[in-house]
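Q: with the input below, show me the fold.
(3 chains)
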Amino acid sequence: MSHHEPIHDEWDVDDIEWDWSEEGVHEDELALEPHDLNAEDEPIAQTSPHAPQKTIENGEIATSEDTTQSQEDSMKSRLLINPNKAGTQYIPKHIVAKIVYEASQGSPFFLAEQRRDALVTARIQSLQSRVQAIQTMDLRLERGIVESVLRTVEKEWETSERRWIVCVDMDAFFASVEELDRPELKNKPMAVGGMSMLSTANYEARKYGVRSAMPGYIAKKLCPNLILVRSNFDKYTAVSKKIREVFAMYDPQFSPMSLDEAYLDITDYLSAHPEHTPESVVSELRAEIFRRTMLTASAGIAANKMLAKVCADINKPNGQKFLPVDRESIMEFVRTLPIRKVPGVGKVNERILKSLGIETCGHLSWSRINPRLNRMLNFFSWFVMFASNESCRDSERKSIGVERTFAPMQKSSEMYEKLSELSEYLATDLKKHDTKGRTLTLKLKTTEFRLFTRAKTLMRFMCTAEEIFHCAQQLLALEITANPGLRLRLMGLSMSKLSSRSMDEDGIAKFLKRPSPSTPFPNPQTLTCPVCCKEFPDISERDMAEHVGRCLEDPHIPDGSGEIKGDGMKRPSKRKKETKRDKPSSNLVEWMQKRSSSPLLDQPVCPVCATPFTDPSDLASVNRHVDACLLGEKQ
DNA sequence: GCGGATCAC
DNA sequence: TATGGTGATCCGC
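A: Just a heads-up that it's a prediction; the model follows:
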């Protein structure tokens, strides 16, 4: 058994298919044009002849094709891990989808994906019925408030400090490293990985629809001449070390995300080198990487991490994209940006949003005029994220785990054997990280690809293999008895609720530890919620936006207990624990009147001009006033 | 605190 | 021969 380094694999899932040999491809490939998604070669999911029109005009919600989309089409797009644009590959996308679909059909993996897909479909249908229900409501007042809050956020942004953030991403990293040693592979379709799974494909292979995270044997169906190269992590790590030396030249505090990707804050470098522009610095950086490694990198330069990340994808490979920091440039950029490009929007959320007719981030601004839908999906914080200077601070590790896939296993004796092995691995890793933990999570995947976890939290910390196994074995025993005939293909153990093992860092000492060294980005500040007027010291803009969104939307939570739950979107950012407020009423004005404790709401005021309402109970007059204000009329 | 689901890399 | 491993977050309970 080979030792297992806690290496973060590179799977290049975000690499965009790109044909760099052809002129004129770029514009089509930027995926920033509003009609891009409706180009001749549509995504598989939308080829259904029954697909209804989607509109998003005037705040009207048009639920989309999901109800009519066939299950097969849905599965085809689901199986296409990383769909490409037409024209950049020899094999048209719908053919690729068909081949992948047929190669997968009937397999246990396929059936499991079908079950998951059906759950998403149900989620979407329930969401759509909720969306229908809010169509007829009068939302003018809420719109006014949302507008006002957004103005506040924008003002914060205008006055905040500007930073230049760069996201650097190596092109087809693993494959390119392999090509250094075997240059004859350069012009041949090649992928790193094995028959069961690929981690990276070179650009030649991508033309055939070969993708990272695709099983090798399916890739071979797409491209029979595909050359498979086993991965050599030591090589990638060594190259990674070289590129990080370059990063450190421009930002000693850079944040590596993986072997081939990192964020840099070059603001200080630019101050120290006034003769440079952000673009020239990044050109130089990429040239230096190439000089040292003979590998190309792509980069994005923008006002924050999120925008930089999106930009890094645009002129890939071997290119860079500069997004000016002024408000207009950013708004224009974001307006036509497909939602799938937003970090955090994956396959499922893309499908959910598209089912509501939301395909670009510009459509997200629709949440400005429909706070109720916003509450369901919480677009609000996403919207604000584009204007956020904040970036994820490198946080302390919260869990550490191991998992292994193996040949189907049915005998419980073998399972305990495997569990013991995993316990050893985990103990080794815990020791390596000088940590211990109180919560142990057992993860199991059946041969039918059903995935489940069982956890146990102890009063004391675990760190040795014996302690881990003792706890894990109880969890496993419960499942074995509860599921006779259990057949497994994967087992995993993960430890959380961690604490340092060395004495000097134990207990209260770890709270006194200085913040993590690489925090090159602007830090939280004191902000005031424009809705509840509470002050939040040391809060990030994103968390603030999150709070304001909740604060704003709470009064709209319907009282009915029959509300369908569970079909909201995953939130883009973590939510701070908030203090419990009054049970909100479904009527905003009533709620305002009830909440006399809030300074802002002592007397209900116009959310736009802040003039107190003479008679807040006169809803019609309130709405007239707000409408007039929004139109800019002087009261 | 637990478990399922989603996502990034 | 037959779809990965590590870590994180969010939601609903």
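Q: from the contact counts, what lies against the helix or strand where A:Thr481 lies?
A: With the criterion set as DSSP states H and E, the secondary-structure element containing A:Thr481 is helix A:465-482. With contacts defined as 3 or more CB pairs under 8 Å, 6 or more residues apart in numbering; DSSP states H and E, helix A:465-482 has these neighbours: helix A:412-432, strand A:435-446, strand A:451-462, strand A:488-500. (C-beta placed from N, C-alpha, C; glycine too.)
Q: buried residues in the longest one, which are they?
A: So the one you mean is helix A:412-432. Of the residues in helix A:412-432, A:415-416, A:418-427, A:429-430 count as buried by neighbour count, 16 or more other CB atoms under 10 Å.
Q: contacts with DNA strand C among those residues, please.
A: When the buried residues of helix A:412-432 are filtered against DNA strand C using CB under 7 Å from any atom of the strand, the residues retained are A:Asp429.
Q: how close does the closest residue to A:Arg163 other than its chain neighbours get to A:Pro108?
A: In space, not counting the residues next to it along the chain, A:Arg163 is nearest to A:Thr267; the distance is 4.7 Å by CB to CB, 6 or more residues apart in numbering. As defined by CB to CB, to the nearest Å, A:Thr267 lies at a distance of 51 Å from A:Pro108.
Q: of these two, which one has the most company?
A: When neighbours are counted by other CB atoms under 10 Å, A:Thr267 and A:Pro108 differ, and A:Thr267 comes out ahead with 18 against 14.
Q: returning to that earlier point: now render the buried residues of helix A:412-432 as a markdown table, adding distance to DNA strand B and pLDDT.
A: Output for the buried residues of helix A:412-432, formatted as a markdown table (distance: CB to the nearest atom of the strand, whole Å; pLDDT from 0 to 100):
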| residue | distance to DNA strand B | pLDDT |
| --- | --- | --- |
| A:Met415 | 17 | 98 |
| A:Tyr416 | 19 | 98 |
| A:Lys418 | 19 | 98 |
| A:Leu419 | 16 | 98 |
| A:Ser420 | 21 | 98 |
| A:Glu421 | 21 | 98 |
| A:Leu422 | 17 | 98 |
| A:Ser423 | 18 | 98 |
| A:Glu424 | 22 | 98 |
| A:Tyr425 | 18 | 98 |
| A:Leu426 | 16 | 98 |
| A:Ala427 | 20 | 98 |
| A:Asp429 | 17 | 98 |
| A:Leu430 | 17 | 98 |
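Q: with only the CA atoms kept, save the helix holding A:Thr481 in CSV.
A: The C-alpha atoms that make up helix A:465-482 are tabulated as CSV, following Å, rounded to 0.1, in the frame of the first residue of the first chain:
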residue,chain,number,x,y,z
ALA,A,465,-5.6,4.6,15.8
GLU,A,466,-7.0,2.4,18.6
GLU,A,467,-9.2,5.2,19.9
ILE,A,468,-10.4,6.0,16.5
PHE,A,469,-11.1,2.4,15.6
HIS,A,470,-12.9,1.8,18.9
CYS,A,471,-15.3,4.6,18.1
ALA,A,472,-15.6,3.9,14.4
GLN,A,473,-16.3,0.2,14.9
GLN,A,474,-19.4,1.0,16.9
LEU,A,475,-20.7,3.2,14.1
LEU,A,476,-20.0,0.6,11.6
ALA,A,477,-21.6,-2.2,13.7
LEU,A,478,-24.9,-0.2,13.8
GLU,A,479,-25.0,0.0,10.0
ILE,A,480,-24.1,-3.6,9.5
THR,A,481,-26.9,-4.7,11.7
ALA,A,482,-29.4,-2.2,10.3
